[in-house]
Structures are given as C-alpha cells and as structure tokens.
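# Pasting the sequence and the predicted coordinates here, then a few questions.
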Protein chains: 2
Amino acid sequence: MRDDASDCCEYKPHHMERFLEVCLLLLLYDEVGYGYGLIEQLSSFGFSEPDLNVSTLYRTLRKMEKEGLVTSLWESGGQGPRRRVYEITTSGRQNLDAWVKILKMRRTRIETLVGAYDKKVSSKNVEQ
Amino acid sequence: MRDDASDCCEYKPHHMERFLEVCLLLLLYDEVGYGYGLIEQLSSFGFSEPDLNVSTLYRTLRKMEKEGLVTSLWESGGQGPRRRVYEITTSGRQNLDAWVKILKMRRTRIETLVGAYDKKVSSKNVEQ
DNA sequence: CTAACTATATTCATAGTGAATATAGTCTAT
DNA sequence: ATAGACTATATTCACTATGAATATAGTTAG
C-alpha cells in the first residue's frame, strides 16, 4: 500500500503546475522558437531529458496559441521536416510578467513552509 | 494600473500541487488535529479564507489516511459535533521529509526562472 | 421548536499531466 | 529506389488534483 517515502518520491519534483508554460514564454520572450528546438533550451530550466514530456510540450504550445499568448506559422524553407514556429505576443509578455509575480508568491510560501519545518524539526532534535 | 494580467491572475497563486498536503503533515507533526480546526492553522501558511477549499481539505486528509501517512479516530467526549482527529504516523513524518526536499527543488527552479526573467527583461529595458 | 453553527463527506465538472501511439516528411547508406 | 534512422508535430487514454456546490447530521442558542 505505502512504501514510506518512495510513494512520495515517485512524485516528480519538476512537476509544477504551469511551470512549463512560464518557461516557454520566457524562452520565446525575445526570439522565435519551435517545439522540438525548445526542448534543448528547456534544459536550462532544469528539465532533464526524461523529465520533459514531449506531448505535454506540444499540447502546451497549442493551448498558448489558442489563448493568444503566442502565434505560429509553418516555417517556409529549411532543411528537415517543416516546423511550426512560435512567436510571443504582447499579451504573452504581459502574461509572463503576471506569472513571474505568481511564481514569486509561490517561492515565498515554500520558504515559509520550509522555515517552519526546519524550526519544528530542529527543536524536535534538541528535545531529548 | 494594469489589471495584473487579468487572464492569468484568475489562476490562483495558492494553487500549488500537493502543497496543502505538506502543510497538513507539518501541522500534524507534533500535535493531533482535526479538519475544521486545521483550517485556522493553515492561515499561517498563506491560506486565506476564500483560498482554502473545505472539500479539498477533507478529501486530502482522508487520502492521507488511506496512504498511511496519518491515522484518525473519532473524538470521544467533547462539546459540539464529534470530530475526526488525525495523528501523524512515522511514515507520515518520513513523507514530510521527502516532500520538503522536493519543495526545496521547486524553490530552486523558481529562483532560476525568476533570475533569468529579471536578466532578460532588464537587458531589454536597457536596449534602446 | 427552529435557526444558526460546527463538522465531515460526497458528487460533478474541469485542468494538467505522462505514457503511449499516430502521422508524416527528410536524410543517409546501400 | 528503398529501407531505416531521424526530425517534428499531434492525438488518445488514463489518472491525479482541484473547486464549487451540495449533502448529512449533530449541537447550541433564542
């Protein structure tokens, strides 16, 4: 039924709601990009290869387009299969700004919890 | 000023996957608690009244019990309606330890992204 | 008795995700 | 040319987590 902490650790640390979306907005902030190519760039935000789900990436990009955060068009001439190239919109940049604020709030809340944890656990250790 | 990107801000900042569960484990770390009473205590972790969904709270507690992180029993004699009182287990404490590590990773990833954002946007502002 | 309050629980609908699979064009070696 | 590897995008299925609304029921105050 439960395997102690293993239960929890199967739960992947990178799984943070909407985090991928914000990373994509930032990557597209000042240059266009396409799905497959963005995968490599995402490694700078801690998405290691097995972590990143390709279907999630494409799904997210299409959703962002539907919401008007990016626009896309098929790359005209290039080598290899055609690419759907995404460009950020003004709305997308505003959305990024707002998301960064939310992420800062999340960070604050995590810090509060971690602080309370450290205090509680260390005081627990002092108590014989 | 602007509406803080109204689109995005409908998406509530407190909504962080599994965060409630970790807060509950910490609150129960050294003393028992029951659902309704935990609501007030959760305010110290940034759950303001309208933010906290009561059904989510009870659902989460029952799930935690099913997973062996807490045990519960009905409070014997007291005033008011009977309460289901929860107590953390050893497994629950281990689970909390593991979750705190994950939260630290999340915090690090948020910091990386926020740092990259600040850098990109400020360089954007300097550029004429 | 009735209304307000405390306390717990369940149902319904939705969002986000991962795994697996589908589709299809391009390139390389034979 | 053609088979196989690779690039690139997209969809389906199953599952988890959540919010809103509602249900259930005992307790207390007027």
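Perfect, thanks for sending it. Residues are numbered from 1 along each chain as shown, chains lettered A, B, ... in the order given.

# now the helices for chain A?
For chain A, the helices defined by DSSP state H occupy A:5-9, A:19-27, A:35-41, A:54-66, A:90-126.

# Give me the most central residue, chain A.
Centroid-nearest residue in chain A: A:Leu20, 2.2 Å away (criterion: C-alpha atoms, centre = their mean).

# DNA strand D versus the closest residue to that one other than its chain neighbours, what's the distance?
In space, and not counting its chain neighbours, A:Leu20 is closest to A:Thr60: 5.7 Å by C-beta to C-beta, 6 or more residues apart in numbering or on different chains. Backbone N, C-alpha and C define where each C-beta goes, glycine included. Distance check for A:Thr60 against DNA strand D: by C-beta to the nearest atom of the strand, to the nearest Å, it reads 10 Å.

# Which residues are in contact with A:Thr60?
A:Thr60 makes contact with A:20-21, A:24, according to C-beta atoms under 8 Å, 6 or more residues apart in numbering or on different chains.

# quick one: which of those residues is nearest to B:Lys104?
The nearest member of the contacts of A:Thr60 to B:Lys104, counting by C-beta to C-beta, is A:Leu20 at 19.7 Å.

# Please look at that closest one and A:Leu57 and confirm they touch.
Yes: A:Leu20 is within contact range of A:Leu57, at 7.1 Å (criterion: C-beta atoms under 8 Å).

# Identify the contacts common to the two.
Common neighbours of A:Leu20 and A:Leu57, counting by C-beta under 8 Å, 6+ apart, are A:Leu42.

# Can you pull out the low-pLDDT segments for chain A?
Low-confidence regions of chain A, defined by pLDDT under 70, span residues A:1-16, A:49-51, A:78, A:124-128.
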